[in-house]
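Asker: what follows is a predicted protein model with its sequence.
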Amino acid sequence: IFKKSNGENNAIQLGTGFEKINKCLKGIANGNLITIAANQSVGKTTLLCNWLQSIIRMNHAWLHFSLEMSNGQVLSKIIGIDAHVESEKLQDGTLSKEDMAKVMESAKFFYKSKLLLNDECNSISEILNTTLRYIKSHNIAGMSVDYVQLIQDPDRRGKNRYEELGIISGELKNYARKNN
């Protein structure tokens with residue numbers, strides 16, 4: 001979900017860090033809702049973390065909601081990507097001195113960065129209200145949600161889950177259009 005930069009009508013075109021994806025999407029633009037869908041354990045979260053690393057390295061403010069991982073896990077994944085260190089080494093602590101230096105440098109950068117992580121919101125209303133607050137207070141370039149299927153909507157309990165997810169996706173898209 002994106003907002004206009006400094007009140008101008010020009011779209012913010014953010015790169016993803018992947019040339020071929022940028023060509024297909026023409027970058028990440030205002031008002032877009034991009035859905036990454038695939039089977040389990042094929043790297044959707046890792047792809048998103050690569051995008052976040054790239055966006056933050058371009059000095060944009062970004063709000064990321066994680067319904068699957070803790071803020072610490074997401075940050076660790078992004079730091080590993082940025083430092084070019086295998087996630088297994090980062091997780092089990094088997095880092096060489098060189099890798100540790102790269103991790104520390106990345107950690108310093110992301111600590112001071114405009115990456116805003118939230119692992120507490122789990123309803124669509126909480127996500128949208130929090131996003132609006134951060135649009136106003138932190139001038140965020142966009143937001144991401146990992147993982148939409150875990151978003152709860154108390155007002156629609158008992159409905160078919162596919163219908164509920166369609167409504168949630170529609171609400172995210174409408175919000176992106178209104179608040180770009």
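Answerer: Sure thing, it's come through. The structure displayed is predicted, hence computed values, not measured ones.
Asker: point out where the protein drops to low pLDDT.
Answerer: 1-12, 156-158, 180 (pLDDT under 70).
Asker: who's in contact with the lengthiest helix in it?
Answerer: The longest helix of the chain (DSSP state H) is helix 161-178. Outside of helix 161-178, the residues within contact range by CB atoms under 8 Å, 6 or more residues apart in numbering are 1-2, 31-33, 35, 124, 128, 131, 145, 148-149, 151, 153, 156. C-beta: built from backbone N, CA, C; applies to glycine.
Asker: looking at those residues, which is nearest L63?
Answerer: Checking those against L63 by CB to CB gives T131 as the nearest, at 6.1 Å.
Asker: I'd say the closest one and G142 touch.
Answerer: No. Contact criterion CB atoms under 8 Å: T131 and G142 do not qualify, at 9.4 Å.
Asker: dump the C-alpha coordinates for the host helix or strand of Y134 into PDB.
Answerer: Under DSSP states H and E, the secondary-structure element containing Y134 is helix 124-138. Taking C-alpha atoms only, helix 124-138 is exported to PDB below (Å, rounded to 0.1, in the frame of the first residue of the first chain):
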ATOM      1  CA  ILE A 124      -7.800  -6.300   9.200                       C
ATOM      2  CA  SER A 125      -9.000  -3.300  11.200                       C
ATOM      3  CA  GLU A 126      -5.900  -3.300  13.400                       C
ATOM      4  CA  ILE A 127      -3.600  -3.500  10.300                       C
ATOM      5  CA  LEU A 128      -5.400  -0.700   8.400                       C
ATOM      6  CA  ASN A 129      -5.700   1.600  11.500                       C
ATOM      7  CA  THR A 130      -2.000   1.100  12.300                       C
ATOM      8  CA  THR A 131      -1.000   1.700   8.700                       C
ATOM      9  CA  LEU A 132      -2.900   5.000   8.700                       C
ATOM     10  CA  ARG A 133      -1.200   6.100  11.900                       C
ATOM     11  CA  TYR A 134       2.200   5.300  10.400                       C
ATOM     12  CA  ILE A 135       1.400   7.100   7.100                       C
ATOM     13  CA  LYS A 136       0.800  10.200   9.100                       C
ATOM     14  CA  SER A 137       3.600   9.900  11.600                       C
ATOM     15  CA  HIS A 138       6.500   8.200   9.600                       C
END
